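Participant: Structure here, sequence nowhere to be found:
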């Protein structure tokens, strides 16, 4: 393993193949629990732990698992780590556990985790699989924090519970309700594709903006 | 799944015993790990649950010296837990003592509110027929409006010492015993809270009276 | 009886699985381009949800009180295997039905709506009938959300939409508006 591939393994999941913002995986937790920064962080860390543990075990055992039962075995491994994370969170930070509720157990069906096992950990060395898991896990945490920060800032006028805008701010309650989740992610994607488009046009010379593009960017 | 696994035809046939062994070994490892963590975390989880329950009872019975658990079995209150398959499904109420006398009963109940089920606990003084205190345990009411049933301290404290059954009144118009000001903008949620208490009492009051007589 | 109706309506519109709880988003994003596909997906979902609810009720009443820590694993394993068996049975018994619904079954077995239903049902302590009402309500709610989304997407095809917004961003923003509209159902059946 050269330094170059190690670097790529780690970085890829954080930005270029960000699980939520680019690959659209793990949307359910990304939308459901991101109404505050604290919840987003807890969810991100729990998912990170499950991903890291499963990737390690799967790549450790990859030679021993027959191809025919690999998916069942992966799910078993993931479900074990999720149960462990669920019980540990309940014992260590019961308030966070109560706020996240059933969504901790639902990490099992987060397609991002199974996807990394099938696509990467089952084919690569332990070291590379761990790097890949760390990268993807951080990418997930970053996406969740972006969502959580945006929604808590507008929806409650605070960050991590500390008031930012002062008492005069009328919170946009809709942002911490379900529709806010959809709208926030939608607008984040708009900003992202606007930014990518701008980067692409910068490289290919100064193209003219189509009308729709500009108004889309401003609306975001 | 970006990767495409080689077609099955190219792979050597694996014996089904090997498949079953793999799954069994994986299952056993998973089971061992889970049971270990379960036993390690159980005391902390149980302790926290007990603490939450105790805090709720302390609030709604305004600080009794100690409390006992009563089980509702066949419409009768009893101290002894009956043998059942799943003890978590038993309905329980709590009786508080101060200076050796029973000061009140803490009852948990839940019914649909505006968004979803509201669960709350309230203390009931059987001698005066008044509510001692109320605390919302669980609710998903709208932030900023419906959630005032737990965050608006004047609404929560207005349950202290109110006669039952409670009648909900438009804000600022309650003057008689048993009348309570509802929250403007959260009428349905406030009404739900009142209804939960009234319904629970309609059902449990005869049992509490029978229990009082038997003591 | 009133409780059952409340559970059904609550799961269907007030606390809609997709639009309020974000469960079952993958089919919502993936299979919502055509109304006819959306309808069949919804029907397959209702079917699997009913099986799931029965399984979860059975496990909760007879097995899990003795081993609560195995909840998650047993839900996943039992539901996945049972759905697979039913899939095989349908394939044998009615090839027509299999062509209509069968291809969706493997897709939704490990979908979060299915596991979510089992977990919510457990947390709320639902019995068999309540579980049934919950499963049917949730399934109808998923179908409703899918069909609404598909109809809107069919009509946006010819609309003049900025290039940037095409694709997932547009679907998410439409979903946000739908979700907001569904908030209006809150309090619909509140008995107070």
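Facilitator: Perfect, I can see it now. Values in this document were obtained by computation on a predicted structure and should not be read as measured data. Numbers count the residues shown, from 1 in each chain, chains lettered A, B, ... in the order given.
Participant: List the buried residues in the lengthiest strand in chain B.
Facilitator: Secondary structure of chain B per DSSP state E: the longest strand is strand B:101-112. The neighbour-count check on strand B:101-112 (16 or more other CB atoms under 10 Å in any protein chain shown) flags B:102-112 as buried. Just so you know, the C-beta spots here come from the backbone N, C-alpha and C atoms, and that holds for glycine as well.
Participant: And stretch A:16-25, by the same measure?
Facilitator: Buried, per 16+ other CB under 10 Å, within stretch A:16-25: A:17-25.
Participant: what packs against the lowest-mean-pLDDT helix or strand in chain B?
Facilitator: Lowest mean confidence among the helices and strands of chain B (mean pLDDT, DSSP states H and E): strand B:76-78, at a mean of 84. Applying 3 or more CB pairs under 8 Å, 6 or more residues apart in numbering or on different chains; DSSP states H and E, one finds that strand B:76-78 contacts strand B:66-73, helix B:187-214.
Participant: Is residue C:138 in contact with residue C:48, as I believe?
Facilitator: No - between residue C:138 and residue C:48 there is no contact under CB atoms under 8 Å: 10.8 Å.
Participant: And residue A:70, how far from residue A:80?
Facilitator: Going from residue A:70 to residue A:80 by CB to CB, to the nearest Å gives 16 Å.
Participant: Give me the more crowded residue out of these two.
Facilitator: residue A:80 (26 against 18; other CB atoms under 10 Å in any protein chain shown).
Participant: Please settle this for me: is the more buried one part of a strand?
Facilitator: No - using DSSP: H, G, I helix; E, B strand; the rest coil, the assignment for residue A:80 is helix, not a strand.
Participant: In contact with it, which residues?
Facilitator: Contact analysis of residue A:80 by CB atoms under 8 Å, 6 or more residues apart in numbering or on different chains lists B:29-30, B:33-34, C:73.
Participant: pLDDT weak spots in chain C?
Facilitator: Along chain C, segments meeting pLDDT under 70 span C:1, C:102-103, C:106-107, C:109-110, C:189-192.
Participant: And the buried residues of stretch A:16-25, which is closest to chain C?
Facilitator: Lowest distance from chain C to these (CB to the nearest CB) belongs to residue A:24, with 6.0 Å.
Participant: isn't the closest one right next to residue C:168, touching?
Facilitator: Yes - counting by CB under 8 Å, residue A:24 does reach residue C:168; the two are 6.0 Å apart.
Participant: So for those two, which residues contact both of them?
Facilitator: residue C:29.
Participant: I'd like the mean pLDDT over the helix with the most length in chain A, please.
Facilitator: Ranked by residue count, the top helix of chain A under DSSP state H comes out as helix A:126-156. Here helix A:126-156 scores 91 as its mean pLDDT.
Participant: and what of stretch A:184-193?
Facilitator: 90.
Participant: what does stretch B:142-153 give?
Facilitator: Mean predicted lDDT for stretch B:142-153 stands at 85.
Participant: Does chain A have contacts with it?
Facilitator: Yes - applying CB under 8 Å from any CB of the partner chain, one finds stretch B:142-153 touching chain A at B:142-144.
Participant: quick one: the helices in chain A?
Facilitator: All helices of chain A, identified by DSSP H, fall at A:3-14, A:27-32, A:37-61, A:70-92, A:94-100, A:111-116, A:126-156, A:178-203, A:211-219.
Participant: How about chain B?
Facilitator: B:16-60, B:148-151, B:153-157, B:187-214.
Participant: State the pair within the contacts of residue A:80 that is farthest apart.
Facilitator: In the contacts of residue A:80, two members sit farther apart than any others by CB to CB. They are B:29 and C:73, at 12.0 Å.
Participant: re earlier: pipe the buried residues of stretch A:16-25 into a markdown table and attach pLDDT per row.
Facilitator: Formatted as a markdown table, the buried residues of stretch A:16-25 follow (pLDDT from 0 to 100):
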| residue | pLDDT |
| --- | --- |
| A:17 | 82 |
| A:18 | 85 |
| A:19 | 84 |
| A:20 | 84 |
| A:21 | 84 |
| A:22 | 83 |
| A:23 | 80 |
| A:24 | 81 |
| A:25 | 82 |
